[in-house]
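Engineer: below is the structure, and that's it, no one-letter string:
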Ligand SMILES: Nc1ncnc2c1ncn2[C@@H]1O[C@H](COP(=O)(O)OP(=O)(O)OP(=O)(O)O)[C@@H](O)[C@H]1O
Ligand SMILES: [Mg+2]
């Protein structure tokens, strides 16, 4: 008996019991499609995020001040406009920017409605450091900081939410902080490229001059974070070390500042994403295993139902190997077809889900190969025991089975 | 001799209960013989046939099939003997319901490794020999009892076995269909096929050349039939 005959005969038997076969495959279909869908969405997210960060600037270093209860920061430790100026003189540094932030609410078209807004006080260099994509008007300029003017750059989504259109340069928006309510003049509208924007209920960012921010909150010249663009991309780590050293020198303290590269931040985000994806895939794999148990269960029922057939085949000269192979192939056809259907469903499901999430899912070949292997493996594992049971049936006992 | 058995015993054990189905049976069948086995219900006829067909094991004694000591053969080799040397016809036909007549007849050849056109042609020829050439694509459920039994005979013959064993082949059939089956058996026997057949009915047994009678697991008589009845009707 050759392999081709075994496969056609097994396919015949699977098809002759269509409804049962489909129900049996369901567990495998759900498991495989879930794995494909989740990994393609996860990969898609990672791709968009990496693209975004690559655009954002691989040469950007982020300077933060460390503080905790055991080691509280003093006024002297605070990062300031002066620390930024000090850094900007260093030859390894091409651009320095910095910012402070606060949550606020902005009034919508209907005066009784507001939405949350993340206000960042910063300077003209921020545009380059964070790669802000200004579509209408302009970004903050040095003159805005000199004058400490109440001007603001908002994102196009917010513009549409307030005014119903995106080109709103020259309009006024009313922003409420814990310290009071101020009318800002919109000087620019940017397009938000952050793939995570709007997700997880995050509010959009708006930029105002740092000098105005400091006056608003009585912050003197303090900034929460400093951004530095290194002049030499190949010496990022050295530059980060040098900046740390310089800041400690400038402030006369130690072990207070932390400089991270964008790459490190990407790695961190990728790790989180990987962990989340991995966890969900694990859950999907469990459902795949449950699907495998379903196949095994049905194969055991099949073997019992077809005991007489097994006896007849053996009386005609089928060897134990022939019978084993027959049932193994049947189990594998069940799981393999379930796997193939699952791959297609997962693939298109990924695109449907990606459509809702506004991202392009990326189906990677290793995952598909993995799921194909997994489903065949499940086929073998769940088929071996029932097939073995069938094969070792005694011909006369099987023939007498009612 | 195609079949030679000596001191054959078969004991069934069900827990502490022992049933001796065959006691010290000695018996042989030569090439070209047409033997019927008779006896009351429970006398051990089916037990003997299952052992002759290598479907069941014996508890003691010797069985030579075509010169080979069957008690020494196991596993794959034994499956090969069932496949090549034995054609078995059951009272209840034992056709696979999902396959049509042709596919049922092809089964033993699938396990023999005969392929494609050759297999198909041989199956067609076997069905022609039993007069079923026009019914090859019918499923068993679309055939009468007599027709089903003829498919089973074609299936038993298709690998040209050394012996055709039939356990009450006419047991489920009316007398006309039974007569048809006997006519086929007689023709096959004339063509050189050795046949051993179990039956309850003296009328059927009288179509064979020799009658072996069983009682309580023993042979009580073994006689030649002087003038076997010739089955008519069948072309
Ligand atoms: N699997 C078995 N387990 C226990 N006892 C059995 C088994 N098969 C047959 N027997 C016993 O062996 C004896 C012979 O049975 P067998 O089936 O050979 O009879 P038979 O001559 O074919 O009868 P019938 O004409 O009714 O078919 C009987 O007493 C029967 O009860
Ligand atoms: Mg019987």
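Structural biologist: Ah, there it is. Bear in mind the structure is a predicted one, so any value in this text is a computation, not a measurement. Ligands and ions are numbered 1, 2, ... in the order given.

Engineer: average pLDDT for whichever strand or helix holds residue A:96?
Structural biologist: Assigned by DSSP states H and E, residue A:96 belongs to strand A:93-107. Taken as a whole, strand A:93-107 has a mean pLDDT of 87.

Engineer: what does stretch A:4-17 give?
Structural biologist: 81.

Engineer: that one vs chain B: in contact?
Structural biologist: Yes: on the criterion C-beta under 8 Å from any C-beta of the partner chain, stretch A:4-17 is in touch with chain B at A:5, A:12, A:13, A:16. From N, CA and C alone the C-beta is placed, and that goes for glycine too.

Engineer: quick one, phi/psi of the last one?
Structural biologist: Okay, so that is residue A:16. The phi/psi pair for residue A:16 (degrees, to the nearest 10) reads phi -70, psi -10.

Engineer: wouldn't it be in contact with residue B:98 here?
Structural biologist: Yes: using C-beta atoms under 8 Å, residue A:16 is in contact with residue B:98, at 6.0 Å.

Engineer: on that earlier part again, farthest-separated two in the residues of stretch A:4-17 next to chain B?
Structural biologist: The largest separation in these, counting by C-beta to C-beta, is between A:5 and A:16 at 16.4 Å.

Engineer: could you check which of the two is surrounded by more residues?
Structural biologist: residue A:5 (13 against 10; other C-beta atoms under 10 Å in any protein chain shown).

Engineer: three-state assignment of that one?
Structural biologist: What DSSP: H, G, I helix; E, B strand; the rest coil gives for residue A:5 is helix.

Engineer: run a quick neighbour tally on the spatially closest residue to it that is not a sequence neighbour.
Structural biologist: Leaving out its chain neighbours, the residue that sits closest to residue A:5 by C-beta to C-beta, 6 or more residues apart in numbering or on different chains is residue B:110, at 6.3 Å. As a burial measure, residue B:110 scores 22 neighbours (other C-beta under 10 Å).

Engineer: what's the answer for residue A:282, then?
Structural biologist: Counted with other C-beta under 10 Å, residue A:282 comes out at 10.

Engineer: and residue A:285, by the same measure?
Structural biologist: When neighbours are counted by other C-beta under 10 Å, residue A:285 registers 16.

Engineer: so what's it up against?
Structural biologist: Residue A:285 makes contacts with A:31, A:35, A:374, as judged by C-beta atoms under 8 Å, 6 or more residues apart in numbering or on different chains.

Engineer: please redo it, this time with the cut-off set to 10 Å
Structural biologist: Residue A:285 makes contact with A:31, A:32, A:34, A:35, A:371, A:374 under the criterion C-beta atoms under 10 Å, 6 or more residues apart in numbering or on different chains.

Engineer: most neighbours among these, which one is it?
Structural biologist: For the contacts of residue A:285, the largest number of neighbours (other C-beta under 10 Å) sits with residue A:32, at 32 neighbours.

Engineer: which strand or helix spans that one?
Structural biologist: Short version: residue A:32 belongs to helix A:18-56, going by DSSP H and E.

Engineer: next secondary structure after that helix?
Structural biologist: Downstream of helix A:18-56 (by DSSP H and E), the next one is strand A:60-65.

Engineer: state which helix of chain A is the longest.
Structural biologist: helix A:262-305 (DSSP state H).

Engineer: chain B against ligand 1: which residues are in contact?
Structural biologist: Within chain B, the positions adjacent to ligand 1 are B:12, B:14, B:19, B:21, B:39, B:41, B:42, B:43, B:44, B:45, B:46, B:47 by C-beta under 6 Å from any ligand atom.

Engineer: I'd like to know which of the residues you listed is nearest to residue A:184.
Structural biologist: Taking C-beta to C-beta as the measure, residue A:184 sits nearest to residue B:14 out of those, at 96.1 Å.

Engineer: tell me, how many residues neighbour the closest one?
Structural biologist: 7.

Engineer: and residue 219, helix, strand or coil?
Structural biologist: Picked chain A for this. coil.

Engineer: meant chain B actually
Structural biologist: strand.

Engineer: let me know whether it touches residue B:28 as I believe.
Structural biologist: No: contact between residue B:219 and residue B:28 fails when scored by C-beta atoms under 10 Å: they sit 11.4 Å apart.

Engineer: which one's more surrounded, those two?
Structural biologist: Per other C-beta under 10 Å, whichever of residue B:219 and residue B:28 has more neighbours is residue B:219, with 20 against 14.

Engineer: need the contact list for the residue in chain A that ligand 1 sits nearest to.
Structural biologist: Going by C-beta to the nearest ligand atom, ligand 1 is nearest to residue A:400 of chain A, at 6.8 Å. For residue A:400, the contacting residues are A:307, A:308, A:311, A:394, B:46, B:50, B:55, by C-beta under 10 Å, 6+ apart.

Engineer: which ones among these lie within helices?
Structural biologist: A:307, A:308, A:311, B:46, B:50.

Engineer: columns pLDDT and neighbour count on top of these, output as a markdown table?
Structural biologist: A markdown table is the format used below for these (pLDDT from 0 to 100; neighbours: other C-beta atoms under 10 Å in any protein chain shown):
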| residue | pLDDT | neighbour count |
| --- | --- | --- |
| A:307 | 89 | 18 |
| A:308 | 90 | 17 |
| A:311 | 91 | 22 |
| B:46 | 92 | 20 |
| B:50 | 93 | 23 |
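
Engineer: against which helices or strands is the helix or strand hosting residue A:356 packed?
Structural biologist: Using DSSP H and E, residue A:356 sits within helix A:320-357. Identification of packing neighbours for helix A:320-357 by 3 or more C-beta pairs under 10 Å, 6 or more residues apart in numbering or on different chains; DSSP states H and E yields helix A:3-15, helix A:18-56, helix A:262-305, helix A:307-315, helix A:365-391, helix B:75-84.

Engineer: surely residue B:221 touches residue B:38?
Structural biologist: Yes: with contact defined as C-beta under 10 Å, residue B:221 reaches residue B:38; the gap is 9.0 Å.

Engineer: common neighbours of the two, please.
Structural biologist: B:211, B:212, B:213, B:214, B:215.

Engineer: count the neighbours of residue B:141 for me.
Structural biologist: What residue B:141 shows, counting by other C-beta under 10 Å, is a neighbour count of 9.

Engineer: next one: residue A:113
Structural biologist: With neighbours defined by other C-beta under 10 Å, the count for residue A:113 comes to 12.
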